[in-house]
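A.B. asks: Quick check, what structure comes out for this input:
(one chain, ligands or ions: 2)
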Amino acid sequence: MAKVTVENLTKRFGKVVAVNNLNLEVRDREFFVLVGPNGCGKTTLLKLIAGVLRPDSGNIYIDDVLVNDLKPSERGVRMVFQSYALYPHMKVYDERKYSNLTFALKIQKYLTDKIKSIVHQVAHEVGIERKLFDRKPNELSHGEKQKVAVGRAITIQPKVFLMDEPMSNIDPPSRVKMMKEIRRLHDELRTTTIYVTQNLTEGVALADRIAVMKDGTIQQVGTPDEIINHPVNEFVADFIKYYDYTAHLQTFGRI
Ligand SMILES: Nc1ncnc2c1ncn2[C@@H]1O[C@H](COP(=O)(O)OP(=O)(O)O)[C@@H](O)[C@H]1O
Ligand SMILES: [Mg+2]
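C.D. replies: Ligands and ions are numbered 1, 2, ... in the order given. Predicted coordinates:
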């Protein structure tokens, strides 16, 4: 459980300012959604919070602790990347060897019995069937890969869970199911979650609060209702045309 505070954060790639003097506070236990067009800096912001990228300036706090100089593994943050980034040569689960679901636990030198009980619990929570345990990532569907990526991220209970467009490779019928699973998992674990999507309807269906991003800056932070009904500027007002009320009700339902 943790809050995340981002203070005057800037990250440049050459002349591109991917994240531009950005300020943000994500509350403890919140399901926070970041939306914005392609290239607005969403992935960069998540990577800065995860610690796989270093900022040019600014600060990141997790529960009021400055984490700028902490390694990714020391931050208590886990990220599910858009590409899943599973270990291709490893099985989903192997009791004795390194595998996708045991890797982090083995690195942290958990005992075999403990590993077994954690993995079975996680597999149950995320819905990874036992028949998938022996498979390698290239033998899994997109939906199955995504479940393993989510499962792997929660084996060591993170303080903060970062998800980068986790639905982008999932076919629409499975997408609704996965979204419900992710929201249910959040309601159960209450891990502070920052979830990135380009799909505003998906964001509205999932979020406690939403931030709309443009050109490395946050334009507005608010509840889904505030964003949709009270946009603060022209950019947000234009962006909400992508919100599909009918799809929200008919497809996503009440998530
Ligand atoms: N490793 C990188 N090297 C150079 N430019 C990058 C790199 N990563 C991102 N960028 C640039 O930074 C900007 C923000 O990218 P990104 O954070 O991936 O946006 P989003 O996830 O919102 O689509 C884009 O202009 C992108 O081209
Ligand atoms: Mg991205």
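
A.B. asks: How about the residues of this structure by ligand 1?
C.D. replies: 13, 16, 18, 36, 38-44 (CB under 6 Å from any ligand atom). Where you see a C-beta, it was placed from the backbone N, CA and C, and this is true even at glycine.

A.B. asks: Of the residues you listed, grab the buried ones for ChimeraX.
C.D. replies: Only the buried entries of the residues of the chain next to ligand 1 go into this ChimeraX selection, using 16 or more other CB atoms under 10 Å:
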select :18,36,40,41,42,43,44
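
A.B. asks: now the strands: where do they sit in the protein?
C.D. replies: 4-13, 16-26, 31-35, 57-62, 65-66, 77-80, 160-164, 192-197, 209-214, 217-222 (DSSP state E).

A.B. asks: Which of these sits closest to Leu140?
C.D. replies: strand 77-80 (14.7 Å; CB to CB).

A.B. asks: what's that closest one packed up against?
C.D. replies: Here strand 77-80 touches helix 42-50, helix 142-155, strand 160-164, going by 3 or more CB pairs under 8 Å, 6 or more residues apart in numbering; DSSP states H and E.

A.B. asks: can you do 6 Å?
C.D. replies: Packing partners of strand 77-80 (3 or more CB pairs under 6 Å, 6 or more residues apart in numbering; DSSP states H and E): helix 142-155, strand 160-164.

A.B. asks: What pairs with that strand, parallel or antiparallel?
C.D. replies: strand 160-164 (parallel) (DSSP bridges).

A.B. asks: Let's see the strand it pairs with as PDB, backbone CA atoms only.
C.D. replies: The C-alpha coordinates for strand 160-164 follow below in PDB (Å, rounded to 0.1, in the frame of the first residue of the first chain):
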ATOM      1  CA  VAL A 160       2.700   0.000  -6.500                       C
ATOM      2  CA  PHE A 161       1.500  -1.800  -9.600                       C
ATOM      3  CA  LEU A 162       2.200  -0.200 -13.000                       C
ATOM      4  CA  MET A 163       0.400  -1.400 -16.100                       C
ATOM      5  CA  ASP A 164       1.300  -0.100 -19.600                       C
END
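
A.B. asks: end-to-end on stretch 205-214?
C.D. replies: 21 Å (CA to CA, to the nearest Å).

A.B. asks: Identify the residues contacting it?
C.D. replies: 30-36, 40, 183, 203, 218-221, 223-224, 227, 235-236, 239, 248, 252, 255 (CB atoms under 6 Å, 6 or more residues apart in numbering).

A.B. asks: For PyMOL, what selects the buried ones among those?
C.D. replies: In PyMOL syntax, the buried subset of the contacts of stretch 205-214 is picked out as below (16+ other CB under 10 Å):
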select buried, resi 30+31+32+33+34+35+36+40+183+203+218+219+220+221+224+227+235+236+239+248+252+255
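
A.B. asks: Show the average pLDDT along the longest helix along the chain.
C.D. replies: Criterion DSSP state H: the longest helix present in the chain is helix 172-189. The average pLDDT for helix 172-189 rounds to 80.

A.B. asks: Would you mark the buried spots in it?
C.D. replies: 174-176, 178-183, 185-186, 189.

A.B. asks: Show the secondary-structure elements that it is packed against.
C.D. replies: Partner elements for helix 172-189 (3+ CB pairs under 6 Å, 6+ apart): none found.
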